[in-house]
Every structure is written in structure tokens, then in C-alpha cells.
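In: can't give you the sequence, but here's the structure:
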């Protein structure tokens, strides 16, 4: 029971305008002109199933890693998974880049706050959404101030992920 | 053919009733529904795999917390707190409601460094995850019977 490969249960309400933002994961774009051209090209072939959005899941818990990976998969978002903030930094040092980073807060070696700060210092401009179960106001503020673009309480669901994407101006066609 | 349809219908009914009862008895919450939504034809074992990961996580964390709580004169509450946090996170992600609720009490005991309280919570969390494991195994067995009888797993709406 789906249209265009999108399960009926994941439909966003009618009337919301959508476009696709296409972005190759293995190449670092530093030219905003190129980005603009790609966006225009992508407008002509909108499709959730063919979304070229990429994401990085940063979480130290296997269950959460699996869930978040699958959630992103279902929205057609190619994604990698790493186990802590240090690995998130390392993967960027190796040249990979992502449209979206889902960053857990509490992790060993380098936590979400430290990793977010480090990535911003490195000049990484990807959208970073903090996701955590510990959500008291002080923690949330500290995490946001580290350089987040958005914040969402765990556990994640399809609709929470769609909200994140919508707030961060990633448009998805349904 | 009619007999087969009846068998399938009966199995589907049993499955539905059993699943609903797990929600009603508080074993599962809405997050389990979200988990089921993610399963599709391409990944028909997704739910089973995730819960299996969860139960492995439980076992591992319970063992390490047990070791940390073992000697009364030398309890590593920081380690226990970390374990509870992990367990709360994963139980919350899969919709394991009772396990998650024990973790809430467990954290409170940890915060005030109440070793006895922690030990009680540890025992309770062990009991709850094992109970859920049994229940979900029964559920997956019912699913398998439906599939083997040629039927489809019903979408169940929990409200």
C-alpha cells in the first residue's frame, strides 16, 4: 500500500511544498555555485526513494544505531554509523561529508557536545541535530551552544525525523 | 482452501489479541509500534533483530552493573549510572515500557548512592527483560505460524 515507493503511513500532510536537495556524500563541496546548480537539477527529478541526502548517525548504543540507521534508510537517506564523537571527527578528517549529522549527547571518548564543537572548529557546516534522552534545560542549552542546528528527544520516530528534516530545510518529496 | 483461510484467520486473531494484551499489560508502549512500522518486505526480520540486540544489551549491561555493585565497600556508582542510562535508552527505543520504568527508579537509587536500592532494581530489570523476551518470542512464533499458513501479519492499531 504505497505510492512511489513511499509507505502510505509516512505521508506528510497535503499542501506542504517539497523539493529535493541533492548532495553527493563522498565529495566535499566548497563551491556554493555548484550547490545551486545541483539543487536546480534536483528540482526536476523529485523522488523520496531517490533522495541523495546523506547522514551520519553518531551513537554509542547498538540498538539506537540500528533504529536510526533504519529510520534514515526508510526515508531514502544514505547513512553511515559511528560509535562516538571521536569517530565522527575522524570520519570527517578522512574527507567524508554529510548533509545531516544525528548526534547523541552522552558517548565515551568524545561526547556529543565536544564532538559538535570540534566539527564546527574544523569548519564543518553540515546540519547537526542533537538527539538525546537526557533533556534537562541546562544540558539542552549547552548542547545547542556547542553548535547544533536542531535538537530532538529520543526515542526517534519517523515523524520526529521528518520534523528535524523540515526544520532544517531538507525538503522531501512525497 | 476455506479451511486454510479459517486457520489463517484464527492465527491472525490470536496474534492480534496477544499483541494488544502486551500493550494493555504495560509490557510495550507506542515506540514498539514505531519499530513495527519500520519492518518491510525487504527486511522482514527487522523487529526480531532489533529486540534481539536489545536483549543482548540487557544481559551485558546487567552483568557489568552487577559486578560494579558487588562489593559494598567499593561500588562504582558512576559505572552503574552509565549502565542504567544505556539501558534506559535502548529500552525506550524499542518500546520496552516496563524495563524502561525500572530504569527510572534505578537511576534515582544511583543518584543517592543507595546500593541496596540499586541491587533491588537490578534484580527487577533482570526479571522484566527476561519476561519480555519470553512474551516477544511467543509473539514471533505466532507470526511465523501465520506466514507458514500462507497468511499476512496483521497491521494492529493500538489506541
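Out: The structure has been received and is ready for your questions. Only a predicted model underlies this, so the values are computations on that prediction, with no experimental measurement involved. Numbers count the residues shown, from 1 in each chain, chains lettered A, B, ... in the order given.

In: now chain B against chain A: closest residue?
Out: residue B:90 (3.9 Å; C-beta to the nearest C-beta). Yep, even glycine has a C-beta here, placed from its N, CA and C like the rest.

In: and the host helix or strand of that residue, what does it pack against?
Out: Element membership for residue B:90 (DSSP states H and E) is helix B:77-94. Helices and strands touching helix B:77-94, by 3 or more C-beta pairs under 8 Å, 6 or more residues apart in numbering or on different chains; DSSP states H and E, are helix A:62-74, helix B:30-38, helix B:46-69, helix B:97-111, helix B:115-148.

In: the shortest one: which residues count as buried?
Out: Spelled out, that is helix B:30-38. B:31, B:32, B:33, B:34, B:35, B:36, B:37, B:38 (16 or more other C-beta atoms under 10 Å in any protein chain shown).

In: next, format the residues you listed as CSV and append pLDDT and distance to chain A.
Out: Shown next, in CSV, are these (pLDDT from 0 to 100; distance: C-beta to the nearest C-beta, whole Å):
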residue, pLDDT, distance to chain A
B:31, 95, 5
B:32, 96, 10
B:33, 95, 9
B:34, 94, 4
B:35, 95, 7
B:36, 94, 11
B:37, 91, 6
B:38, 92, 5
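
In: a markdown table for the residues you listed, including distance to residue B:5?
Out: Below are the buried residues of helix B:30-38 laid out as a markdown table (distance: C-beta to C-beta, whole Å):
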| residue | distance to residue B:5 |
| --- | --- |
| B:31 | 33 |
| B:32 | 29 |
| B:33 | 27 |
| B:34 | 31 |
| B:35 | 29 |
| B:36 | 24 |
| B:37 | 27 |
| B:38 | 29 |
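
In: most tightly surrounded among the helices and strands packed on helix B:77-94?
Out: Greatest average neighbour count among the helices and strands packed on helix B:77-94 goes to helix A:62-74 (a mean of 22), per mean count of other C-beta atoms under 10 Å in any protein chain shown.

In: residue closest to the middle of chain B?
Out: Geometric centre of chain B, nearest residue: residue B:96, 4.0 Å, by C-alpha atoms, centre = their mean.
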